[in-house]
Structures are given as C-alpha cells and as structure tokens.
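>>> A structural model of the following input is requested.
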Amino acid sequence: MSKFIDIHIDPAIVRRAARGDGKAHEILYRSFATAVYSVCLRFTRVPTQAEDLLQETFIEVMRSIAAFRGEAPIGAWIRRIAVTKSLMFLRSAWHSRGQSLDDDWHNTTPGRAESHGISRHPEEAIDLDAALANLPSVSRAVVWLHDVEGFTHKEIGGMLGKTESFSKSQLSRAYQRLRPMLDPDSVVGFGSNSMEGPALGRC
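Predicted coordinates for the structure are as follows:
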C-alpha cells in the first residue's frame, strides 16, 4: 500500500472540509498533494500531465467530500479518486488515438534490456522504475495497482472497463517482460503476487 494510509487527518478537519471550509480544504491539499502527484506520475510518466491530474483529483475531492462517510480512511478515499482520474486519462488517450487498451502491449519498444539502458549485470544497481517505464502504459498501471497499491484483479478490471481476466493477463505479460531486465535477487517476491521490495520502494 502507498503512503496515503500513513497520513493522519483529524476527523474534525474532514467535517469542516465537507461544510466547505477553505482552510480545511487547504490542509487536505497540503497533506495529500505529494502522494497524489506521485500516483498520477506513475501512470502518465509526464510531469505536466501528472500536475493536471493532481488538480483534477482535488477538484473532485472538494466537490464530493460532503458525501464522504468515513467508512474508509480519508487517504484511501483520495487515493482511489487519484487512481480513477489517472486511469480515465489513460483510457481517453487511447480512445482519442482510435485504439483499444488491448493494443497497448504492441506499442512497447522491442529488444533486450540493454537496449533500454537497463543493466543486466547483478553487480550494478537495478532501476525498477526504469524497467517499469518500458512497459506499455496499461500494463504498467496494472502492475502498480496490483503489486503496490493492493487492488484485486476484479477491481482493476472494473477501473479499466475490462474483465478480471484482462487484468490477470496484463500482469502476467508484464512479469514476462520485466523478468529478463531484473536480477531475480533484487526484488522481493517478484512474479509471485508482489513486486514491492527495496528496489521499488513506496509511492
């Protein structure tokens, strides 16, 4: 899970924000902006696009917070909005190009790990972020959502407007592509439902 759950907000602040208190809105923004930006950047890989999604996320947060019932931590609620906005961005980008999410896989640059600037020598540091960057956007999103954020395949499929099987297939194909790029000893549990470890860190 990402660091959203480590950010503690006084419930009174949330109640004030729900009543439209501008200062409470500012507190929420300052508390979660960095985490939201980091999530959006994971999906877009483009800082300006991540900044736009950050603003869109908080517009939605302020618009919808009156309906927040506190059934989950406020951070988890904000995280889900950020993820939804990011996935909507990916889907709209693909639709505007007349492609489907299924086509995404075929647009990645083929070749060995070295051709992407990723070392395969175990004595050199492995940059997992760089390896993930070489995945198609949808596959990268599925890896991040499943292995780091902890969403189920059913949830991911729903977010993408696809099936649970689609999410599982994307994750499997991503593992197949990432495995040759990485030293197996550098990632904890890689390829077995978890990629989170020292090489990846936390969002």
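>>> buried ones in stretch 38-51?
Within stretch 38-51, the residues that count as buried by 16 or more other C-beta atoms under 10 Å are 38-44, 49-50. The C-beta positions use only the backbone N, C-alpha and C, and glycine is treated the same way.
>>> farthest-separated two in these?
Greatest spatial distance in the buried residues of stretch 38-51: Ser38 and Gln49, 13.4 Å, computed using C-beta to C-beta.
>>> domains of the chain?
3-92, 100-105+121-203 (automatic domain parsing).
>>> rank those by pLDDT, which is bottom?
Mean pLDDT is lowest for domain 100-105+121-203 among the domains of the chain, at a mean of 69.
>>> would you agree Trp77 is in contact with Phe68?
Yes: using C-beta atoms under 8 Å, Trp77 makes contact with Phe68 at a distance of 5.9 Å.
>>> higher neighbour count, these two?
Between Trp77 and Phe68, counted using other C-beta atoms under 10 Å, Trp77 has the larger neighbour count: 19 against 16.
>>> need the contact list for the more buried one.
Residues near Trp77 by C-beta atoms under 8 Å, 6 or more residues apart in numbering: Phe68.
>>> picking up where we left off before, would you turn the buried residues of stretch 38-51 into CSV with secondary structure and distance to Glu26?
CSV is the format used below for the buried residues of stretch 38-51 (DSSP: H, G, I helix; E, B strand; the rest coil; distance: C-beta to C-beta, whole Å):
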residue, secondary structure, distance to Glu26
Ser38, helix, 20
Val39, helix, 20
Cys40, helix, 20
Leu41, helix, 22
Arg42, helix, 25
Phe43, helix, 26
Thr44, helix, 25
Gln49, helix, 24
Ala50, helix, 21
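>>> from these, pick the one nearest Ser139.
Phe43 (11.5 Å).
>>> once you drop chain neighbours, what's closest to the closest one?
The shortest distance from Phe43 to any residue other than its chain neighbours is 3.9 Å, reached at Ser86 (C-beta to C-beta, 6 or more residues apart in numbering).
>>> please identify the helix or strand for the one you found.
Using DSSP states H and E, Ser86 sits within helix 74-96.
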